[in-house]
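*Asks:* Mind looking at a prediction? Sequence and model below.
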2 protein chains.
Amino acid sequence: MADQTPTETAAPGAAPQTLPDRTANPADNQTGEAGESKNAAKKAAKAAKLAADKAAKAAGKGKQEPKAPKDPKEPKKKAAPKKKVEGAALIGIDVAKEEDFPEWYSQVLLKSEMLDYYDVSGCFILRPASYFIWEEIQSFFNTRIKSLGVKNCSFPLFVSEDVLEREKDHLEGFSPEVAWVTHAGSTPLEKKIAIRPTSETVMYPYYSRWIRSHRDLPLRLNQWNSVVRWEFKNPQPFLRTREFLWQEGHTAHLNEAGAQEEVFQILDWYSDVYKELLAIPVIKGRKSEKERFAGSYYSLSIEGYIPATGRGIQAATSHCLGTNFAKMFNIQVEDPTSKPGEQKPPLNVWQNSWGLSTRSIGVMVMTHSDNRGLVLPPRVAETQVIIVPVGITAKTTDEDRQKLYAEIDGLVTVLTAAGIRASSDMREGYSPGWKFNQWELRGVPLRLEFGPGESAGHFVTTSRRDIPGKDGKGTIAIPELATAVPALLDTIHDDLYKRADAEFAAHRKVITKWDDFCPALNQKCVLVVPFCLGEACEGEIKDASARKAVEETGEAEDAKAPSMGAKSLCILADQGEGIAPGTPCINPKCTKPAEKWTMFGRSY
Amino acid sequence: MADQTPTETAAPGAAPQTLPDRTANPADNQTGEAGESKNAAKKAAKAAKLAADKAAKAAGKGKQEPKAPKDPKEPKKKAAPKKKVEGAALIGIDVAKEEDFPEWYSQVLLKSEMLDYYDVSGCFILRPASYFIWEEIQSFFNTRIKSLGVKNCSFPLFVSEDVLEREKDHLEGFSPEVAWVTHAGSTPLEKKIAIRPTSETVMYPYYSRWIRSHRDLPLRLNQWNSVVRWEFKNPQPFLRTREFLWQEGHTAHLNEAGAQEEVFQILDWYSDVYKELLAIPVIKGRKSEKERFAGSYYSLSIEGYIPATGRGIQAATSHCLGTNFAKMFNIQVEDPTSKPGEQKPPLNVWQNSWGLSTRSIGVMVMTHSDNRGLVLPPRVAETQVIIVPVGITAKTTDEDRQKLYAEIDGLVTVLTAAGIRASSDMREGYSPGWKFNQWELRGVPLRLEFGPGESAGHFVTTSRRDIPGKDGKGTIAIPELATAVPALLDTIHDDLYKRADAEFAAHRKVITKWDDFCPALNQKCVLVVPFCLGEACEGEIKDASARKAVEETGEAEDAKAPSMGAKSLCILADQGEGIAPGTPCINPKCTKPAEKWTMFGRSY
């Protein structure tokens, strides 16, 4: 039982405790095979009884934005269960992704033990299953940025009010969301102190002290930390949370060329995080004036797509700040081109800031997971391969069972030696079917089944998480295990990416007539349109599409979506053959010519 | 110029900018060799002029607990320079460790670019030089705890008031230091929210939900995060800061045996972090009732010693919480020994919590560093070996110089291949002597000098940072580089440890008569005494030693120290042959017999 979270040994009744607004009834266990073993059935019954009691008490936890009960177990009135599902599965998702996406998403995260809700609204607990993914992203990205000479460091969580307010445009972007500390114990602070919403104004006063000469450039620092933005919109795990984990890179360069090279390099690496680790396709582009980062010169981004809702989602941003902050914070160097004696005016440095957050994990879950639960891309799965013994019956002798278990231990050893994160599930009293369900719920990419038949035939039966049922089944001869399994995991990664990429491509429509705009939007598409890049014009498109959508739309998965207008996601980095001269802007009210192919859509 | 922080290419005048209450005057540059090169001299002069101007403006920054100026460069009245050192070194420490320890410590940290002061009092910036050390500690400790099945995760920064206050004893330990968030933007929050001072009450409500059965035990979670304790005592970089980085492990076990095995194992690993990475000796023990962690059953700790001040310092703690929190948060499981049908009462789980913080970095700096600046133990030094070209004169041809540089590149390649973090300093316009000083200031453990002589003789000249001057010099034949350099780095580590260990041992006195207590204390010793373990008695010892110290003491390095009484640091884990029956407690007023050998001392 290598590499197990303690909770992986939970009794059948345990799982739903993370979602206590379900009643737990072992009799209705859809995975009923647990009944195969009286022993297991008893355990299940007892655990389920306990579960049901606790669940009843805890009703209301695990809902969208639960208000804080004194104790997760204490009764909660406000957030009463939205619906009671009698005889719901003990484990497994009991609502379809297509039916109720938000509820499905919540169940997948809770039942796979990726996340738990927290009693401070808008804050969430990253459990080991999701934090492991974040650690993988950290090591992947650290390797790349360190090759560029970026150094990690740590700046304080707090910002004084005057420093925070130095850069006005920048502040406007955040001020309504800034959390303020006013007291220490019962003592009021002389001056209230902000918790960083991002660290530009935290760090740059020191850049002006550390950068004395052009020889100090480029200065490239990065932090892995958490920031706080007290949004009042409805929070969503990973996607919109009041505290979130991210990395924020902050660099200073002698000139625009240096800054530009880096800001694009980082965007490529962000795209690699999504493609190479999370198997998610993203589109590179530049933010419109309206969507640009507060205080930046220009903002690059990668944009993802959530098929279930048809919404775009900003996946990461890389900002060129120009000399905007340098002017505010006096980050200057002497002009290296000035000859001895000659005194050219000092130069303001060029700066970039770039960030990638745990939002990426939410995009991954929404994209790949299904009605059986979580689907993890192999490269970020803590357990890549789970081996489950099968074909053990009441007739099987202890000796035979022990022999089988010993063979399975051997398989784990072989795979581990091949660099695979593999473990086995030899728990007694649980049927193979129940184990299959539990590991599928947790998203383990590949299951190996090994029983007397496999043992005799010197092979393992493989079952891919990403392709449920027969189509995902196969066999691997034992001698080929060390090479075939890594190869199969790569295939799984590639197939996950291809499917997601096809979905995105199929829902990324080129639209040149306004009349086609909203219908496509309501078909869950993001739209590539000719756009004048005007800020006012973008506002008109958003309003018009919101109104039109309400008129036209029928029922939609996402209650909030129809009324939501389309905003610009990014100005495509890839403009193809460009826009034919004289092509009008997509906005019928706009008189200006279109400038760039721009992706519009509903978004998170 | 592999692996360089941009700031490592700072002009000579740059360094003191991190300590702007010094005037910078190149004429008095103690490392004058920069004058060797006219070019360098000009640069130095120009940079120093700039430095001096900025310094004058910035006066007051970089002092103990600087109040926040709007901009580090703006004039500051309050914290005017304590003393003005005319013609101070441009780089290098200008106050002796023995003379003014706090000022020396501040200069070492600032000039080595380990740390910078921040404009929110009590908060500090960990620059890459120190954050690298923290990353090394993280990877060392992660490897060990993961082998134990500990999983990393992330809980929110915030705690609701009701949850924070659940465990009363525990709360009392922290409530005066808790930072409270009361507003988001201009909106007052319904209920004020605390920033975690530690995460027991943050995490344990969820343990009660996740732990359904004895099969879920042990549950072992860890976080690498920062916590906030708004202390009003005088802050000190790394040692006492209002926000600090640490790891906090929180585990739950079925019984005392499981908890006990872990809590001692963790203590051993903490000791290894100090000994194996930081080359610091620590003493293992148990905290007295008076010094125990608020809410714990018993607290283990490792205790260090700062020779310069003669004070003890708590280096890390590993707490067994018993069932104290389990009762408060209802963390219970069914008794696994209860037979079918039989219903034994549920069991409260046994819990541990354990933490190690960036304070460890401060102890390392205070212990090893000297009047030339920082001394880094090799295993945590980002640059372990710096190679400096020497013997290049005005007569040297470009060809010869290029040949020498090429050879040096080769040496870096060899060392890097041998797993050594090596780089070279080929900057033009800086004399070898100036470079030597700068790398010594930064604490690089080993310097290799390579010039025409070395090239001809196929060797490198070595210079150990930990042994200044001739005694630290040697040579290594080029063919032996890949083996001899790693060996020498290990020797440096061992020697650093031995010296620190000898210092500690020499100042750890066994005292059995009260009359010897304070004199030894004033000789900068920590005292191993027979102690009754009584809480009141400990209070009397502290008060009495404080009074007596004031009477007896002459001048002491640390202004605060003399008046400071001795508190118990730990009850030694190693009791030797124990205490002879009937031995009285060290406190003359105490009538109880001594129970244990206990280490007392002034402390941080």
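*Replies:* Received, thanks. Residues are numbered from 1 along each chain as shown, chains lettered A, B, ... in the order given.
*Asks:* drop to CA atoms for contacts and neighbour counts, all remaining ones
*Replies:* Noted.
*Asks:* Count the residues that sit near the residue in the stretch 251-400 of chain A that chain B sits nearest to.
*Replies:* Closest residue of the stretch 251-400 of chain A to chain B, Cα to the nearest Cα: residue A:329 (7.8 Å). Here the number of neighbours of residue A:329 (other Cα atoms under 10 Å in any protein chain shown) works out to 24.
*Asks:* before we move on, what about the one 5 residues further on?
*Replies:* When neighbours are defined as other Cα under 10 Å, residue A:334 has 16 of them.
*Asks:* One more: residue A:114?
*Replies:* Quick note: residue A:114 (other Cα under 10 Å) scores 21 neighbours.
*Asks:* okay, residue A:76: pLDDT?
*Replies:* The model reports residue A:76 with a pLDDT of 38.
*Asks:* Next: residue A:356.
*Replies:* 98.
*Asks:* which element is it on?
*Replies:* Applying DSSP states H and E as the criterion places residue A:356 in strand A:350-357.
*Asks:* What strands flank that strand, and is each parallel or antiparallel?
*Replies:* Strand partners for strand A:350-357, identified by DSSP bridges, are recorded as strand A:243-253 (antiparallel), strand A:311-322 (antiparallel).
*Asks:* could you dump that strand to PDB, C-alpha only?
*Replies:* These are the backbone C-alpha positions of strand A:350-357, laid out as PDB (Å, rounded to 0.1, in the frame of the first residue of the first chain):
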ATOM      1  CA  TRP A 350      11.300  48.800 -18.300                       C
ATOM      2  CA  GLN A 351       9.400  46.400 -16.100                       C
ATOM      3  CA  ASN A 352       7.400  43.200 -16.500                       C
ATOM      4  CA  SER A 353       5.100  41.400 -14.100                       C
ATOM      5  CA  TRP A 354       3.600  38.000 -14.800                       C
ATOM      6  CA  GLY A 355       1.500  35.500 -12.800                       C
ATOM      7  CA  LEU A 356       0.000  32.000 -12.900                       C
ATOM      8  CA  SER A 357      -2.400  30.900 -10.200                       C
END
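*Asks:* Give me the buried positions along it.
*Replies:* For strand A:350-357, a neighbour-count test (16 or more other Cα atoms under 10 Å in any protein chain shown) marks A:350-357 as buried.
*Asks:* Tabulate the residues you listed in JSON lines, adding columns for distance to residue B:394.
*Replies:* Listed next are these as JSON lines, based on distance: Cα to Cα, whole Å:
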{"residue": "A:350", "distance to residue B:394": "38"}
{"residue": "A:351", "distance to residue B:394": "39"}
{"residue": "A:352", "distance to residue B:394": "42"}
{"residue": "A:353", "distance to residue B:394": "44"}
{"residue": "A:354", "distance to residue B:394": "46"}
{"residue": "A:355", "distance to residue B:394": "49"}
{"residue": "A:356", "distance to residue B:394": "51"}
{"residue": "A:357", "distance to residue B:394": "54"}
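*Asks:* what's the neighbour count on the nearest residue to residue A:369 once chain neighbours are set aside?
*Replies:* Take residue A:369 and drop its neighbours on the chain: the residue closest to it by Cα to Cα, 6 or more residues apart in numbering or on different chains is residue A:375, 4.5 Å away. Other residues within reach of residue A:375, judged by other Cα under 10 Å, total 26.
*Asks:* where's residue A:375 relative to residue A:237, distance?
*Replies:* With distances defined as Cα to Cα, to the nearest Å, the gap from residue A:375 to residue A:237 amounts to 17 Å.
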